[in-house]
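Asks: Any chance you could fold what I've pasted below:
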Amino acid sequence: MFEQDKPYLGDYYKANDDITVAVDQANEIIKWFNNHSFSLGLLNGEQMSMFHKILVLILPVVTHWTSHFCSLSQLLEISKALKVTAMKHEDKLLVVAGKGRRAKDKAGKILDCVSDDTFWKTL
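Replies: Alright, predicted model coming up:
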């Protein structure tokens with residue numbers, strides 16, 4: 001039965017452009033924070049302040065659709081902490097993103113996405 005479900009979910013993902021873009025953006029947010037330890041530390045600090053616990057950002061495994069569900073559910077659960085982190089620490093996040101223009105542009109896109117209510121509603 002699982003093998004039958006897998007192509008169906010993949011087809012849904014590919015057939016819905018808004019979902020494809022939102023899931024891809026979610027994965028980029030997860031990867032970016034997980035690859036920038038200072039930024040992840042700021043996020044974890046906000047989580048502790050707000051929720052009194054830290055939830056990790058889970059990068060899904062391409063071939064395991066359940067991991068996509070878990071990854072997105074976790075991201076949605078900490079969305080408020082992500083938004084607060086982006087708003088309160090925007091300048092710091094842009095500085096620690098890297099020295100190059102490309103790194104700063106990437107950080108800006110991540111922060112814009114985190115601040116975008118349409119992204120969260122689509123997700």
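Asks: Point out where this protein drops to low pLDDT.
Replies: For the chain, applying pLDDT under 70 flags the ranges 1-13.
Asks: go with 80
Replies: 1-16, 62-65 (pLDDT under 80).
Asks: now the helices for it?
Replies: 2-15, 17-35, 37-51, 65-77, 79-88, 90-96, 101-115, 117-122 (DSSP state H).
Asks: Of these, which is nearest L57?
Replies: helix 17-35 (4.5 Å; C-beta to C-beta). For glycine as for every other residue, the C-beta is placed from the backbone atoms N, C-alpha and C.
Asks: how close does P60 sit to V95?
Replies: 29 Å (C-beta to C-beta, to the nearest Å).
Asks: Please say which of the two ends up with more neighbours.
Replies: P60 (18 against 13; other C-beta atoms under 10 Å).
Asks: Angles on the backbone of that one, please.
Replies: Here is the backbone geometry of P60 (degrees, to the nearest 10): phi -70, psi 160.
Asks: looking at it, A81 is touching G45, isn't it?
Replies: No. Applying C-beta atoms under 8 Å as the test, A81 and G45 come out as separate, 9.1 Å apart.
Asks: Compare neighbour counts for those two and give me the winner.
Replies: A81 (21 against 15).
Asks: what's the spacing between A107 and I29?
Replies: A107 is 11 Å from I29, by C-beta to C-beta.
Asks: whoops, D105 was the one
Replies: For D105 relative to I29 (C-beta to C-beta), the value is 15 Å.
Asks: Which one of these two is surrounded by more residues?
Replies: Higher neighbour count among D105 and I29: I29, with 21 against 13, using other C-beta under 10 Å.
Asks: Would you confirm that the more buried one contacts L76?
Replies: No. Look at I29 against L76 with C-beta under 8 Å: they stay out of range, at 11.4 Å.
Asks: Neighbours of L82, how many?
Replies: 23.
Asks: who touches the nearest residue to it once chain neighbours are set aside in this structure?
Replies: Spatial nearest neighbour of L82, excluding adjacent residues (C-beta to C-beta, 6 or more residues apart in numbering): V114 at 5.0 Å. Neighbouring residues of V114 by C-beta atoms under 8 Å, 6 or more residues apart in numbering: 29, 82-83, 85-86.
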